[in-house]
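Visitor: coords please:
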Amino acid sequence: MLKKYFSMAIGAMLIAGINGCSDDFTDLTPLGSATELNFWQTQADAEAGVNSMYYYMGDEDMFSRGFMWYINASDDMVTGRPNSTADNIKNFNMTGDEGYSSWMYPQCFKIIRRANDVLANVKDLDIEGSLKNRYLGEALFMRGFHYFWVASTYGNDVSGGVPIVTEENMKDTKFTRPESVVANYDQVVKDLERAADLLPLYTSYSDENKGRAHKDACYAYIAKAYLYWAQYDNTKWEKVVEYCDKVSNSGSGRKLIDTDNPATDYREVFKYQNEFGPEYIWSVTCGIERGSKLNGVMLENKGWGVYNGWGYYMPTLELYNAFEDGDYRREATILKFGDEFQFWGSTRRYSSANSLSGFQFNKYMDIYSYEDPIGNSLINANGDRLYTVSDVPILRYAEILLMKAEAKIMMGQNGDAEINMVRNRAGLTSKTGCTMDDLKHERRVEFAGEFANRHRDLVRWGDAEEAYGKPLHGRIHVDKTNPDSDYNEEVIWEARNYDPNIHNVWIIPNEVIESSGIPQNKGW
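Guide: Numbering: from 1, shown residues only. Have a look, this model is predicted:
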């Protein structure tokens, strides 16, 4: 698989020195060093260049914590334990100098730069046609995917989008912000449409290449780009449906993991054995030496003395109560005091001396359930290097269904079929005449603690000000070491002052502003 494959090529590329030249648009050093000019000569060079684009997918400050610090602003979770920097992010009290949030913007542009290098150089190399197409398609996907994340995080229609840097203008020495983030979504769609024409279905990849960009991922992120674009232009809802259908009908067999056993089906989604199954559309491809650390970041701080979890991102009582009675996703998603779970091959009952809320996310715990996961090469032995073989999903097929349902409801159509597919998998009865409130509920409980991005949902729906104007609660147990301890429901996070005119977009790191000269987002 790619997780075990691309690290060697990255190493070769780093040794070759290609990354010695500027790969961040905020670094305006002129390009054209001898090393760069001598690099793009062979198929091996092209493959190394392509593989280098995946490097930052496993960076701690991208899809381990990174973007999750912003999702942590939602009403679904709290930081988990005292941390002033994380607290300031959640409270929208930022200066632009916070270390936790300083990396995502420049890292995205590093990958965009690498993609531009591939697009500028590989097209003229003597490489077999289908392989060349795949290389170029991967570059277009990785550029579009990272533009989607950086633009939706830092751009809007007031302060503007983020600078658009492509292979045509990457040697320029000055970049400006487009007037609206809509320009970024338009570019994302164009990149991903081109990529979809060049890339194969993921089912055609050999095992060593699974984890690379593929056609379904292109269609999925086109749909999501249109979903975000629709808050500015409601004619885009039709496009959401169109591209969700392209995923469903691509021929790759996309579907929910649903064997009519709701007690276990949702749990199966998050087992490493199913990471290249029909439900994962795009994820962080992981191994014990590289990948997302999110599993361990959400694990009990110090891991009950067994393994060094970090204890961040703990569910709120509000999230726990959002689940309907009989929804099997609740226990699969959240551990509460007294719940049984497997840890290191033994049955334990949950309690926590560390959790600020009295809960823990459970959906990422399977990798720690096996006997001796270190000896069996499932996790890294070093608790500061929280890598596991369990891929972390960024977009699942369930989101395709719910994006389509949302678009249909917003166009005055019926989204019951798609919503009920998700509900029925969870053991819930079908609904009729589903409304946006029903849709919002399903997104919340289906994707809690995932990169589907609850915070961005609240912002684009116009619900953030109301949601964040309420305090958040937890269960504070009298004896935090006793699973049967009594508890009180208490405020664990005070109501916050969310200004939709400012906080619907995040502050751009000051280092980026200083090095690039682009204007800061208004109000920050």
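
Visitor: Now do the strands for this protein: every range, in order, please.
Guide: Chain-ordered strands for the chain, with DSSP state E as the definition, fall at 77-78, 280-284, 314-315, 334-336, 340-343, 346-349, 359-361, 392-396, 472-477, 487-493.

Visitor: List just the one of those strands that sits closest to residue 240.
Guide: Set against residue 240 and scored by C-beta to C-beta, the strands of the chain come closest in strand 392-396, at 13.6 Å. Every residue, glycine included, has its C-beta placed from N, CA and C.

Visitor: returning to that earlier point: any chance of the strands of the chain in a markdown table, with mean pLDDT and mean neighbour count too?
Guide: Shown next, in a markdown table, are the strands of the chain (pLDDT from 0 to 100; neighbours: other C-beta atoms under 10 Å):
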| stretch | mean pLDDT | mean neighbour count |
| --- | --- | --- |
| strand 77-78 | 98 | 27 |
| strand 280-284 | 97 | 23 |
| strand 314-315 | 98 | 28 |
| strand 334-336 | 98 | 24 |
| strand 340-343 | 98 | 15 |
| strand 346-349 | 98 | 12 |
| strand 359-361 | 98 | 26 |
| strand 392-396 | 97 | 25 |
| strand 472-477 | 98 | 21 |
| strand 487-493 | 98 | 15 |
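
Visitor: Low-confidence ranges, the chain, go.
Guide: In the prediction, the chain carries residues with pLDDT under 70 at positions 1-36.

Visitor: Nearest residue to the middle of it?
Guide: Nearest to the centroid of the C-alpha atoms of the chain, with distances taken as C-alpha atoms, centre = their mean, sits residue 451, at 3.4 Å.

Visitor: closest to residue 423 out of the strands of the chain?
Guide: Shortest separation from residue 423 across those is recorded for strand 392-396, at 15.3 Å, computed as C-beta to C-beta.

Visitor: List the strands paired with the closest one, with their directions.
Guide: Strand 392-396 sits in its sheet next to strand 280-284 (antiparallel), going by DSSP bridges.

Visitor: picking that back up, now the strands of the chain as a markdown table including distance to residue 187?
Guide: Formatted as a markdown table, the entries for those read as follows, by distance: least, C-beta to C-beta, whole Å:
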| stretch | distance to residue 187 |
| --- | --- |
| strand 77-78 | 32 |
| strand 280-284 | 19 |
| strand 314-315 | 36 |
| strand 334-336 | 38 |
| strand 340-343 | 44 |
| strand 346-349 | 49 |
| strand 359-361 | 34 |
| strand 392-396 | 19 |
| strand 472-477 | 37 |
| strand 487-493 | 37 |
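
Visitor: of those strands, which approaches residue 162 most closely?
Guide: Set against residue 162 and scored by C-beta to C-beta, the strands of the chain come closest in strand 392-396, at 19.5 Å.

Visitor: before we move on, back to that, identify whichever of the strands of the chain lies nearest to residue 447.
Guide: For the strands of the chain, distance to residue 447 was read as C-beta to C-beta. The smallest value, 7.9 Å, belongs to strand 392-396.

Visitor: how far out from the middle of the chain is the closest one?
Guide: Here strand 392-396 is found 7 Å from its chain centre; the criterion is C-alpha atoms, centre = their mean, to the nearest Å.

Visitor: just stretch 507-524 next, same as before
Guide: 23 Å.

Visitor: before we move on, what about stretch 53-70?
Guide: 8 Å.

Visitor: Straight-line length of that stretch, end to end?
Guide: Stretch 53-70 has an end-to-end distance of 23 Å (C-alpha to C-alpha, to the nearest Å).

Visitor: Quick one: residues contacting the nearest residue to residue 377 once chain neighbours are set aside.
Guide: Nearest in space to residue 377, with sequence neighbours left out and distances taken as C-beta to C-beta, 6 or more residues apart in numbering, is residue 288 at 6.0 Å. By C-beta atoms under 8 Å, 6 or more residues apart in numbering, the residues touching residue 288 are 377, 378, 379, 380, 387, 388, 389.

Visitor: Tell me the one of these nearest residue 117?
Guide: Checking these against residue 117 with C-beta to C-beta, the nearest one is residue 387 at 27.2 Å.

Visitor: right, and that closest one touches residue 289 too?
Guide: Yes: because the distance of 6.0 Å satisfies C-beta atoms under 8 Å, residue 387 is recorded as touching residue 289.

Visitor: and for these two, which residues touch both?
Guide: Contact criterion C-beta under 8 Å, 6+ apart; residues bridging residue 387 and residue 289 by contacting each: residue 380.

Visitor: more neighbours, those two?
Guide: Between residue 387 and residue 289, residue 387 has the larger neighbour count (other C-beta atoms under 10 Å), namely 22 against 12.

Visitor: contacting residues around the more buried one?
Guide: By C-beta under 8 Å, 6+ apart, residue 387 lies in contact with 286, 287, 288, 289, 290, 291, 293, 379, 380.

Visitor: number of nearby residues for the residue lying closest to the fifth one once chain neighbours are set aside?
Guide: Counting by C-beta to C-beta, 6+ apart, residue 290 lies nearest to residue 58, which is 4.5 Å off, once chain neighbours are set aside. Residues contacting residue 58 under the criterion other C-beta under 10 Å number 23.

Visitor: can you pull the contacts of residue 58?
Guide: Taking C-beta under 8 Å, 6+ apart as the contact definition, residue 58 lies against 64, 284, 285, 286, 290, 291, 292.

Visitor: what separates the residue nearest to the first one when sequence neighbours are not counted from residue 314, distance-wise?
Guide: Read that as residue 64. When the adjacent residues along the chain are set aside, residue 64 lies closest to residue 293, with 3.9 Å between them (C-beta to C-beta, 6+ apart). Distance, residue 293 to residue 314, using C-beta to C-beta, to the nearest Å: 16 Å.

Visitor: likewise residue 347?
Guide: In this structure, residue 347 and residue 314 are separated by 22 Å, where distance is defined by C-beta to C-beta.

Visitor: Contact partners for the residue nearest to residue 451 when sequence neighbours are not counted?
Guide: Using C-beta to C-beta, 6+ apart and skipping residues adjacent in sequence, the residue nearest residue 451 is residue 394, 4.5 Å away. Taking C-beta under 8 Å, 6+ apart as the contact definition, residue 394 lies against 63, 282, 283, 284, 450, 451.

Visitor: Closest one to residue 189 out of these, please.
Guide: Nearest to residue 189 among these is residue 282, at 16.2 Å by C-beta to C-beta.

Visitor: Now residue 231. Nearest residue, chain neighbours left out?
Guide: Among residues not flanking residue 231 along the chain, residue 460 sits closest, at 4.7 Å (C-beta to C-beta, 6+ apart).

Visitor: what's the burial count for the one you found?
Guide: Tallying neighbours of residue 460 according to other C-beta under 10 Å, which is how burial is gauged here, yields 17.

Visitor: ditto for residue 259
Guide: Number of residues near residue 259 (other C-beta under 10 Å) recorded here: 10.
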